[in-house]
Structure formats: structure tokens, C-alpha cells
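Q: Provided below for reference: sequence and predicted model.
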Amino acid sequence: MAEEILRQLAGDRFEVDSAGIEPGTLNPRVIEVLKEIDIDISGKKTKSVDQLIAKGKEFDYIITVCDEASAERCPIFPGFGTRLHWGFEDPSSFQNDADAIEKTRIIRDLIKSKIESWLTGS
């Protein structure tokens, strides 16, 4: 979610890449809640952080948005990028919740708010 929200808000200012520690398939609830704010990721594929590291890409900012347990496993990227960690609950953990879609919306909105604050320096 963070990749596409940042791209929507400031794609003219940043080249945005996203990858996971253990990439899988796109979460259908995430696809749904992003469509609600005019972001369509239905054709996207998940990527592994290993793919980005193997390309030798360097980043000005490395922003992790995973929960605290997963953040400990995040790899170190090459270069001198500023590392930021914004911990959010993983929507895939809501699988058996009756209100999973609403919880996913809340995560989307929290991510969007955090990105907007970061972009404005507040």
C-alpha cells in the first residue's frame, strides 16, 4: 500500500520501489481498499527485497512499514540511504476477522496520513 500511496502523492518527486521479505500474492482486500482511493494495483506483482539488492540499487530513503517482528528481519540495503521504520499491522493477519476489510481501510488511512506528514515535514 505504501508504495502506491507514495507514488500517488509524490511520484513526481520520488522513484518508488517496494518489496517484501517473503513476497506472496496481492491481498484482495488491499486491492479493494486502494481502489476506493483511485489506486489500481490489480496488475502488480509482489517483489522480494533480494531482487532489489541483487540489482545493486541504492536508495535515498529505505522506509519499512512492516510490524515490529518483521522489521527485525529487514535486510541492510547498500549505500547511505536514510532508514525510517513506520510500523503498521499487516493486513494479511486479518484473514479470519469479520471486519478485515474495515481494519485494512484503517491501515491504508494510517499509512496515507504518515506519508502526508512525512512529505510536509510535520
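A: Perfect, thanks for sending it.

Q: for this protein, which spans come out with low pLDDT?
A: Within the chain, the segments meeting pLDDT under 70 span 70-71, 73-76, 78, 122.

Q: residue most distant from the centroid, it?
A: In the chain, counting by Cα atoms, centre = their mean, residue 98 sits farthest out from the average C-alpha position, at 23.5 Å.

Q: for residue 61, see how far away that one is.
A: 37 Å (Cβ to Cβ, to the nearest Å). C-beta here means a position set from N, CA and C on the backbone, and glycine is covered the same way.

Q: same deal with residue 77?
A: Taken as Cβ to Cβ, the span from residue 77 to residue 61 is 10 Å.

Q: what about the two, which has more around it?
A: residue 77 (15 against 12; other Cβ atoms under 10 Å).

Q: so that one touches residue 52, yeah?
A: Yes. With contact defined as Cβ atoms under 8 Å, residue 77 and residue 52 form a contacting pair (7.4 Å).

Q: around residue 60, how many other residues sit close by?
A: 10.

Q: wait, a strand at residue 84?
A: Yes. Assessed with DSSP: H, G, I helix; E, B strand; the rest coil, residue 84 lies in a strand.

Q: contacting residues for it?
A: 61-64, 118 (Cβ atoms under 8 Å, 6 or more residues apart in numbering).

Q: from the residues you listed, keep the buried residues only.
A: Neighbour counting by 16 or more other Cβ atoms under 10 Å classes 62-64, 118 among the contacts of residue 84 as buried.

Q: now, the residues you listed that are in strands?
A: 62-64 (DSSP state E).

Q: what's the closest of these to residue 23?
A: residue 64 (14.3 Å; Cβ to Cβ).

Q: what about the helices in this structure?
A: Applying DSSP state H to the chain gives helices spanning 2-10, 28-35, 49-54, 68-71, 100-120.

Q: and the first one, what's buried?
A: Read that as helix 2-10. Neighbour-count burial for helix 2-10 flags 2-7 (criterion: 16+ other Cβ under 10 Å).

Q: between it and helix 28-35, how big is the angle?
A: 0 degrees (axes from the mean of the first three to the mean of the last three Cα atoms, to 10 degrees).
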